[in-house]
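**Student:** Test case, fold it:
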Amino acid sequence: MAAHPVQVLPGRDVPLGGLRALTVRRSLPHRDRSFVGAWCFVDHYGPEEVGDAEHVMDVPPHPHTGLQTVSWLFEGVVQHDDSGGVSARVLPGEVNLMTAGSGIAHSEVSTDETDRLHGVQLWTVLPDADRLSERRFEHHAPATAALTDGAGTALVFIGEIAGVDRSPVATSAPLLGAQLDLRPGADLTLPVDRAFEHGVLLDVGDVSVAAGTDDPTALAFGDLACLDPGPGSLRLVAGPDGARVILIGGTPFEEEIVMWWNFIGRSHEEIEQFRTAYEGGSEQFGEVPGYYGGRTRIPAPPLPPVRLRPRNRKGKA
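**Tutor:** So this is what the prediction gives:
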C-alpha cells in the first residue's frame, strides 16, 4: 500500500449557462471530497470549437457569496463584467480573481474573436472571518518560469512554488495554483509544503502522480488527483507526448459550510436569505451593466424540499 494514497476524482459532465450550454467537467465538489485546501470547486472545459451560436460560453448575470472565483484559460477570450463595476477580459495565461464577499453578480461571455475555448473555472471558499468582506477584483499575468532539470515550465497564478515563482495575488487562506507544462518523458520531483493538501488536474497528454517515493498513479483526461498533507515532495511523470496539468493546493479548510447553487453560507437559513435577496433585486448583489446577452440574469432555482446539510473536509455532515 502507498504511504500517501492518491485519491482520483473523475470529472462529471455538467451543462453551464442554460439551454445552449457549454458542457464542463466538474471534479469538485465530489461526494467523496469537498475541498483541496480552500479550493471547493473545479470546472474543466474544452477544447471546444465556438464557431457558432450553439457552442459558446454565454453565462448571464448570476450571484455569488462567500467565495473567490479564479478564472484561467488555455485558449480563447472571455469577457467578464460584474456588479463591482469591473469590465475585464480573461486571457490565456493570465489569472482573474473575483472576491464575492457578502455578495456580487457577474457575467461571463466568450468573445467574437474566440474560435476555441479551453480552460478551468475554480472557486475558493472564504473563511468565516473574511466571507462578508467587500467585493474586489485582481488580475495577474505570471511570467513563464523554468522547472528543475529541464522538466518543463510553470505559470504560478496563486501562491508559491519554492524556487520557481510566487504570485502577488491576495487570498484569504494559504493557497497554491499553477499551470505546469511538462516536456515528453519528464520525471519531475517538486518540493511542496507539507502542511498543504494538493490536487493535480490533467488537461493535456498523459501524467502519473505520486507523493514522495510512492509508485505513481496514472490519470485520465480530466481526472483530479488529490493528496492529503504530509509529503514534502510531489512526483509528476509525463508520457511520451508530455503533459499539461493544473496544480492546486492549500492548508486544510476546517470550517463547515453550506454550499448551494452559487452561494456559500454557514446555514440553511442563510442560504435562504441570499436567495430571497437575489430574487428580490437586492443591492447586496447589484446590477451588471456590461452584459448584453439574451437574458438579463439567471434566476435562482427553487430550494430543495429538504434542509440543506453542511459539508466539511469529510463530505456531508
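**Student:** C-alpha only now, for contacts and for neighbours.
**Tutor:** Will do.
**Student:** ok, and what's touching stretch 252-265?
**Tutor:** Contact with stretch 252-265 is made by 35-38, 62-67, 125, 127-128, 195-197, 266-268, 271, 274, 300-301, 308-313, as judged by CA atoms under 8 Å, 6 or more residues apart in numbering.
**Student:** So what pairs up with residue 250 in the strands?
**Tutor:** Beta bridges link residue 250 to residue 175, residue 197 when assigned by DSSP bridges.
**Student:** shaky segments in the stretch 201-317 of the chain?
**Tutor:** For the stretch 201-317 of the chain, applying pLDDT under 70 flags the ranges 293-294, 314-317.
**Student:** mind redoing it with 80?
**Tutor:** For the stretch 201-317 of the chain, the stretches with pLDDT under 80 are 292-295, 314-317.
**Student:** Which parts of it are strands?
**Tutor:** Secondary structure of the stretch 201-317 of the chain (DSSP state E, counting those that start in this stretch): strands at 217-218, 224-227, 233-250, 258-260, 263-265, 311-312, 315-316.
**Student:** Tell me which of those strands lies nearest to residue 76.
**Tutor:** strand 233-250 (16.9 Å; CA to CA).
**Student:** Not counting sequence-adjacent ones, nearest residue to residue 213?
**Tutor:** Distance criterion CA to CA, 6 or more residues apart in numbering; nearest residue to residue 213, sequence neighbours excluded, is residue 235 at 7.9 Å.
**Student:** In contact with the one you found, which residues?
**Tutor:** By CA under 8 Å, 6+ apart, the contact list for residue 235 reads 187, 188, 189, 190, 209, 210, 211, 212, 213, 216.
**Student:** quick one on the thing from earlier: write the PyMOL selection for whichever of the contacts of stretch 252-265 are buried.
**Tutor:** For the buried members of the contacts of stretch 252-265, the matching PyMOL selection, counting by 16 or more other CA atoms under 10 Å, is:
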select buried, resi 35+36+37+38+62+63+64+65+66+67+125+127+195+196+197+266+267+268+271+274+308+310+311+312+313
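**Student:** Just to be sure, which of the contacts of stretch 252-265 are found in helices?
**Tutor:** Among these, DSSP state H puts 268, 271, 274 in helices.
**Student:** For the last one, give its distance to residue 264.
**Tutor:** Between residue 274 and residue 264 the distance, using CA to CA, to the nearest Å, works out to 9 Å.
**Student:** list residues touching both of these two?
**Tutor:** By CA under 8 Å, 6+ apart, the residues touching both residue 274 and residue 264 are residue 65.
**Student:** Quick one: the strands of the stretch 201-317 of the chain as JSON lines, columns for distance to residue 113 too.
**Tutor:** Shown next, in JSON lines, are the strands of the stretch 201-317 of the chain (distance: least, CA to CA, whole Å):
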{"stretch": "strand 217-218", "distance to residue 113": "36"}
{"stretch": "strand 224-227", "distance to residue 113": "30"}
{"stretch": "strand 233-250", "distance to residue 113": "24"}
{"stretch": "strand 258-260", "distance to residue 113": "34"}
{"stretch": "strand 263-265", "distance to residue 113": "32"}
{"stretch": "strand 311-312", "distance to residue 113": "40"}
{"stretch": "strand 315-316", "distance to residue 113": "41"}
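**Student:** Please identify the deepest-packed of those strands.
**Tutor:** strand 224-227 (a mean of 24; mean count of other CA atoms under 10 Å).
**Student:** Parallel or antiparallel, which strands does that strand pair with?
**Tutor:** Sheet pairing for strand 224-227, assigned by DSSP bridges, gives strand 7-9 (antiparallel), strand 197-211 (antiparallel).
**Student:** contacts for the shortest one?
**Tutor:** Under the criterion CA under 8 Å, 6+ apart, residues 27, 30, 219, 223, 224, 225, 226, 227 lie in contact with strand 7-9.
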